[in-house]
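In: Take a look and give me a structure for this.
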Amino acid sequence: MSTEPVPAEVENYFADLEPDQRAVLYPVIDTVRDAMPPGYVLGMYWGMPGWVIPLETFPDTYNGAPLAYVSVAAQKNYNSLYLMGLYGDPEADAAFRAEWAATGRTLNMGKSCLRFKTLADVDLGIIARTVASIPVDRYLATYQRIKPAAGRASARTSTGRQAPGASVTG
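Out: Modelled structure (predicted):
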């Protein structure tokens with residue numbers, strides 16, 4: 001189990017949830033925290049609790065923000081577990097999906113966002129193995145391989161919308 005203290009803002013996020021949401025998300029975030037490789041830092045990013053590679057470790061991001069690795073969020077109709085380590089890593093993604101399929105559970109997932117309503121919808125063992133399998137150096141190597149071209153990532157139109165062809169990965 002992680003000995004790193006949970007930041008107050010993360011505690012506040014969970015305190016603001018309905019009890020049934022906390023009952024589903026606490027085991028998920030505990031599983032992720034216990035499996036987290038060294039070097040990722042827990043905090044509130046983009047309005048949800050998550051682990052990132054801090055800028056002190058890797059400042060050369062396309063948008064100047066820390067690189068998100070895993071985040072959790074309570075949505076209106078479901079919960080989300082963002083597994084950004086799978087995004088851009090076809091081998092890790094395929095292994096995750098194959099292991100999930102073997103459980104017989106339905107996988108409701110986009111490129112990195114695993115959506116679930118109940119704790120029975122997730123396999124915590126697979127989540128733990130997936131999180132633990134991508135140390136910071138591997139994640140950074142993947143990021144650097146797929147990193148958006150300089151200047152394109154933050155390109156915006158005059159309306160503030162993402163310019164066509166501008167990347168939103170990271």
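In: ok, now which ones touch the residue nearest the centre of the chain?
Out: For the chain, residue 70 is the residue whose C-alpha lies nearest the centre (CA atoms, centre = their mean; 2.3 Å). Residues in contact with residue 70 (CB atoms under 8 Å, 6 or more residues apart in numbering) are 32, 36, 40, 50, 51, 81, 82, 83, 84, 85, 131. Where you see a C-beta, it was placed from the backbone N, CA and C, and this is true even at glycine.
In: which among the residues you listed gets closest to residue 11?
Out: residue 50 (14.3 Å; CB to CB).
In: In this structure, where is pLDDT below threshold?
Out: Residues of the chain that meet the criterion pLDDT under 70 lie in 1-3, 148-170.
In: those strands in it, which residues are they?
Out: 41-45, 48-53, 67-74, 79-83, 113-116 (DSSP state E).
In: Could you spell out the sheet neighbours of the second one, each with its direction?
Out: Right, the one you point to is strand 48-53. strand 41-45 (antiparallel), strand 67-74 (antiparallel) (DSSP bridges).
In: Between strand 79-83 and the longest one, find me the angle.
Out: Counting by axes from the mean of the first three to the mean of the last three CA atoms, to 10 degrees, strand 67-74 points 170 degrees away from the direction of strand 79-83.
In: Could I get the buried residue list for strand 67-74?
Out: Using 16 or more other CB atoms under 10 Å as the test for burial, strand 67-74 gives 67, 68, 69, 70, 71, 72, 73, 74.
In: try the shortest one
Out: Within strand 41-45, the residues that count as buried by 16+ other CB under 10 Å are 41, 42, 45.
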